[in-house]
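**Q** Build the 3D model from these lines:
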Amino acid sequence: MVKVLVTDPLAEEGVHILEEEAEVTKDYCEDMERLKDIIGAYDALVVRSGTTVPAEVIDAGKRLKVIGRAGVGVDNIDVNRATERGIMVINAPEGNTISAAEHTIAMLTSLARKLPLANNSVKCGEWKRADFMGVELYQKTLGILGLGKIGTEVARRCRAMGMNLVAYDPYISAERAAKIGVELLSLKEVLAKSDFLTLHLPMVNATYRIIGEKQLSQMKDGVRIINCSRGGLIDEKALCKALDEGKVEGAALDVFEEEPPTSNPLLEYDNVIITPHLAASTEEAQVNVAMQVARQVMHALRGEPVSYAVNVPVVEPEILEEVKPFLPLMQLLGSLYMQLIGGSVDEVEINYSGEIASKPLNPLTTSCLIGFLQVIVGSQVNYVNAPYLAKNRGIKVKETSTSASENYSSLITIKVTSGNQTHLISGTLFNDYDIRLVQIGDYRIEVVPSRYMLVCNYYDQPGVIGKVASILGTRNINIASMQVGRQYVGGEALMVLQVDDPVPQELMDQIMEMEQLINIRFVELPGREE
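**A** Here you go, the predicted model:
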């Protein structure tokens, strides 16, 4: 049974999911040295924001296959080192979507109506209604930086309140934004138009202090800013200056570059609302992120694709379901090639034709690379490090696609260049999960792959197939089925035998003594039924 270490408090609903298939240890390691000492015994690590996972911890995790973060941000995990080690890093980006969106709305309305100041005033025995004159949100323009899950939910709620919505997000289409009811603009245009600005961006190099002195100067006088996303998106010194000058009317901040913000000057401003990183702090969100990360961790440990790995190309769950049947085919094609042809690989060109061409291709291509590389370096190849290993070996990877496919609803062809030679292998699916090999080299041949296969090139002459079968029979190796392909009578031909047991090398040497044989290969495909 696999072993999972949980080092931060996790909702029991998530723990129960892990316990169904794994041995779970809850150990809240406050001492980094202790975590380094014990991590080597575990296959997975599940954390929240309280545990830091630097390179030295990752290196100590000799069995570690996956690190799960019950939440969105992975700033506390050395993702680059995990990627180098082939360790998947998973987060739970959707479990707290509603909670974060609702907290943003709470901050927005509180900022517009000065609710915290009014509350404190009344509790101090005052009744100064005129001091707390607010503004309506209706017909005001809300600028949204980042139209991911949370930004989209904020947009939907603010649209219902009659706000005008503009957004900056370079990674989504104008069509998608229009469906949400948002006008997609450049960053400069969003800043110039916004009465209120809310940030919903990841913390990466490109977004660090995306709101600085220059950007603040491009905003309307009296703009109000909300940040319930990540600390560091706003240059806090520049924000203080803009507040002092009256350029910014007020701000509502749930996150800071350094937390807790004990000596932050923003704490001194009456027109700045501050909460202690509460956007995901609801009972529902904590259960949701725990369950989501637990399910994804178990998918990863079972070797199944996951939807929320931060160091693997992200595919939406509904789209992943569409391409999932093709993943075993892609891995099989890569493995089959290396076992049949072998040798060095300079370039792998994968052509997707038919219906599959319209699907996300990254996970499919990566699955093919896994098949290639596992033959070379073993089982430690996975969805995380396969592209990295291919690049390090100088293998160029090229994808092409076409919507047309003559004979199949979807067809995938792998063309491998090695030196001055090229080799082809093609496959397809029948009825979603029924894998077929339909071309090997120059031969069009329909093969149902099995775990053990013997592949022979030979000269097409009478009696060859019978002699091969007889030799196998002397060692009690049963032939389950057979397919033959040829280009013309008497020429070179290809024979694929599905056998029930491995074929030892000495038996293949005996078969090769036949003068009609050109070459012979034994193939074992992992994961195929015997």
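**Q** Would you map out the domains in this protein?
**A** Under the assignment automatic domain parsing, the domains of the chain span 2-94+284-312, 97-274, 316-411, 442-530.
**Q** Tell me which of those sits nearest to Gln421.
**A** Nearest to Gln421 among these is domain 316-411 (8.8 Å), distances taken as C-beta to C-beta. The way it works is simple: take the backbone N, C-alpha and C, and place the C-beta from them, glycine included.
**Q** same question for that closest one, mean pLDDT?
**A** Mean pLDDT, domain 316-411: 84.
**Q** Tabulate the CA atom coordinates of stretch 462-471 in PDB.
**A** Output of stretch 462-471 as PDB, limited to C-alpha atoms (Å, rounded to 0.1, in the frame of the first residue of the first chain):
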ATOM      1  CA  PRO A 462       5.300 -20.600 -48.600                       C
ATOM      2  CA  GLY A 463       5.900 -22.400 -45.300                       C
ATOM      3  CA  VAL A 464       7.600 -19.500 -43.400                       C
ATOM      4  CA  ILE A 465       4.700 -18.900 -41.000                       C
ATOM      5  CA  GLY A 466       4.300 -22.600 -40.300                       C
ATOM      6  CA  LYS A 467       7.900 -23.000 -39.500                       C
ATOM      7  CA  VAL A 468       7.900 -20.100 -37.100                       C
ATOM      8  CA  ALA A 469       4.800 -21.500 -35.400                       C
ATOM      9  CA  SER A 470       6.500 -24.900 -35.100                       C
ATOM     10  CA  ILE A 471       9.600 -23.500 -33.400                       C
END
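**Q** The domains of the chain: lowest mean pLDDT?
**A** domain 316-411 (a mean of 84).
**Q** Output the domains of the chain in TSV; the columns should cover distance to Leu429 and mean neighbour count.
**A** Shown next, in TSV, are those (distance: least, C-beta to C-beta, whole Å; neighbours: other C-beta atoms under 10 Å):
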stretch	distance to Leu429	mean neighbour count
domain 2-94+284-312	16	20
domain 97-274	29	18
domain 316-411	6	18
domain 442-530	12	15
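**Q** Mind checking those domains for the one nearest to Leu424?
**A** Closest to Leu424 of these is domain 442-530 (C-beta to C-beta; 7.8 Å).
**Q** how far does the closest one sit from the chain's center?
**A** Centroid separation for domain 442-530 versus its chain: 40 Å, with C-alpha atoms, centre = their mean, to the nearest Å.
**Q** likewise stretch 51-66?
**A** 19 Å.
**Q** For it, which outside residues touch it?
**A** Residues outside stretch 51-66 that contact it (C-beta atoms under 8 Å, 6 or more residues apart in numbering) are 3, 7-8, 29, 32, 35-37, 39-45, 47, 67, 76-78, 81-82, 85-90, 297, 300-301, 382.
**Q** could you redo the last one with a cut-off of 6 Å?
**A** Contacts with stretch 51-66, where a contact means C-beta atoms under 6 Å, 6 or more residues apart in numbering, come from 7-8, 35-36, 39-40, 43-44, 76-78, 81-82, 85, 87-88, 297, 300.
**Q** Could you list the alpha-carbon positions for that stretch in CSV?
**A** Below are the C-alpha coordinates for stretch 51-66, written out as CSV (Å, rounded to 0.1, in the frame of the first residue of the first chain):
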residue,chain,number,x,y,z
THR,A,51,4.6,23.6,5.4
THR,A,52,7.5,24.7,3.3
VAL,A,53,8.8,22.2,0.8
PRO,A,54,12.3,23.3,-0.4
ALA,A,55,14.7,21.4,-2.6
GLU,A,56,16.4,19.6,0.3
VAL,A,57,13.1,18.1,1.4
ILE,A,58,12.3,17.1,-2.2
ASP,A,59,15.7,15.5,-2.6
ALA,A,60,15.2,13.6,0.6
GLY,A,61,11.9,12.1,-0.7
LYS,A,62,13.4,9.2,-2.5
ARG,A,63,10.0,7.5,-3.0
LEU,A,64,8.1,10.8,-3.5
LYS,A,65,5.9,10.8,-6.6
VAL,A,66,3.5,13.6,-5.9
